[in-house]
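Chemist: What follows is a protein structure lacking sequence information:
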Ligand code: HEM
């Protein structure tokens, strides 16, 4: 009985990979992680070759440099990079309001989930090893946080739904990343719960679903928005550096005229973009 959870097990305290090692050797789990990392690297390289985006990025940066109006010292550049990491990247300052909070939940949830998965699988997945209790706790909290941020984004904040009025169940290729991410976290949690409660059979089913959804997440990098987590930081650094040297990526300065949009602008919050 799935919800008759009386075994006294607390899944938050159990390293699910250590329990799994009764049936699956640690080396197989470790090989699985290495395959996932290779899939990400290959996906990103194919994406770079196909879109030629990195080449464009560097050509554009070189071109913009020619219109620089002031010299930026190495010290100033370092401080811009540090500020960009602390603000644009670590707090996703490009986004605002609920969108930003949902993104931060998803981002930090994912980082926590991945880092603790790697530590638990590489250091504590042998059956006899004792896992520090903070690791499974963070793993489960990471997965829950991904679900909070991801489902919030998926059901309410996604542009197609929140501003274009499409139903939440309309799925397009651009949804591959967020969907495979939340589904992976969801299956991981259900698998861990079933395994901790010793509900055999069902736990294997959800383990298989967990593995398949990870395969879609990491194998789909070429088609999904996965790579934005690597491109966005680079773009933010370039944008801030080009603002400091006056080249502004060859974009014009913001107007210093007063804003005149007419009274119509006050009728509705601007969210049709
Ligand atoms: C582990 C790292 C990260 C994860 C898991 C993550 C996750 C996500 C997800 C699930 C989405 C929604 C994708 C969609 O439109 O369907 C998204 C969008 C976005 N991400 Fe990230 N992200 C990460 C890192 C970053 C970083 C480092 C930045 C910026 C420096 C960034 C900026 C953005 C922006 C601007 C959007 C568009 C948001 C919107 O349309 O509301 N992300 N991210």
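Modeler: Yes, it's here. Please read all numbers here as calculations on a predicted model, not as lab measurements.

Chemist: rest of the way, CA atoms for contacts and neighbours
Modeler: OK.

Chemist: tell me which helix or strand of this protein sits lowest on mean pLDDT?
Modeler: Every helix and strand in the chain was compared by mean pLDDT, DSSP states H and E; the lowest is helix 159-162, with a mean of 84.

Chemist: how about it, does it get close to the ligand?
Modeler: No - counting by Cα under 6 Å from any ligand atom, the ligand is not contacted by helix 159-162; separation bottoms out at 6.6 Å.

Chemist: And for stretch 83-100?
Modeler: Yes - contact of stretch 83-100 with the ligand (Cα under 6 Å from any ligand atom) involves 88, 89, 92, 94, 95, 99.

Chemist: Skipping adjacent residues, who's closest to the second one in space?
Modeler: Spelled out, it's residue 89. residue 233 (5.9 Å; Cα to Cα, 6 or more residues apart in numbering).

Chemist: in which helix or strand would I find that neighbour?
Modeler: helix 228-244 (DSSP states H and E).

Chemist: how about that helix: buried residues?
Modeler: Using 16 or more other Cα atoms under 10 Å as the test for burial, helix 228-244 gives 233, 234, 236, 237, 238, 239, 240, 241, 242, 243, 244.

Chemist: got the contact list for the first one?
Modeler: Spelled out, that is residue 233. By Cα atoms under 8 Å, 6 or more residues apart in numbering, the residues touching residue 233 are 85, 88, 89.

Chemist: Just the buried residues out of those, in PyMOL syntax.
Modeler: Of the contacts of residue 233, the buried ones can be selected in PyMOL as follows, counting by 16+ other Cα under 10 Å:
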select buried, resi 85+88+89
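
Chemist: got the residues of the stretch 151-273 of the chain near the ligand?
Modeler: Going by Cα under 6 Å from any ligand atom, the residues of the stretch 151-273 of the chain near the ligand are 174, 175, 178, 229, 232, 233.

Chemist: Backbone dihedrals for the second one, please?
Modeler: The one in question is residue 175. When read as degrees, to the nearest 10, the backbone of residue 175 gives phi -90, psi -10.

Chemist: ok, now which ones touch it?
Modeler: residue 224.

Chemist: Need the per-residue pLDDT for it.
Modeler: Reading off the confidence values, residue 175 has pLDDT 95.

Chemist: what's the answer for the fourth one, then?
Modeler: Confidence at residue 229, expressed as pLDDT, is 96.

Chemist: Which positions in the helix or strand where residue 31 lies come out as buried?
Modeler: Using DSSP H and E, the element containing residue 31 is helix 26-51. For helix 26-51, a neighbour-count test (16+ other Cα under 10 Å) marks 26, 29, 30, 33, 36, 39, 40, 41, 43, 44, 47 as buried.
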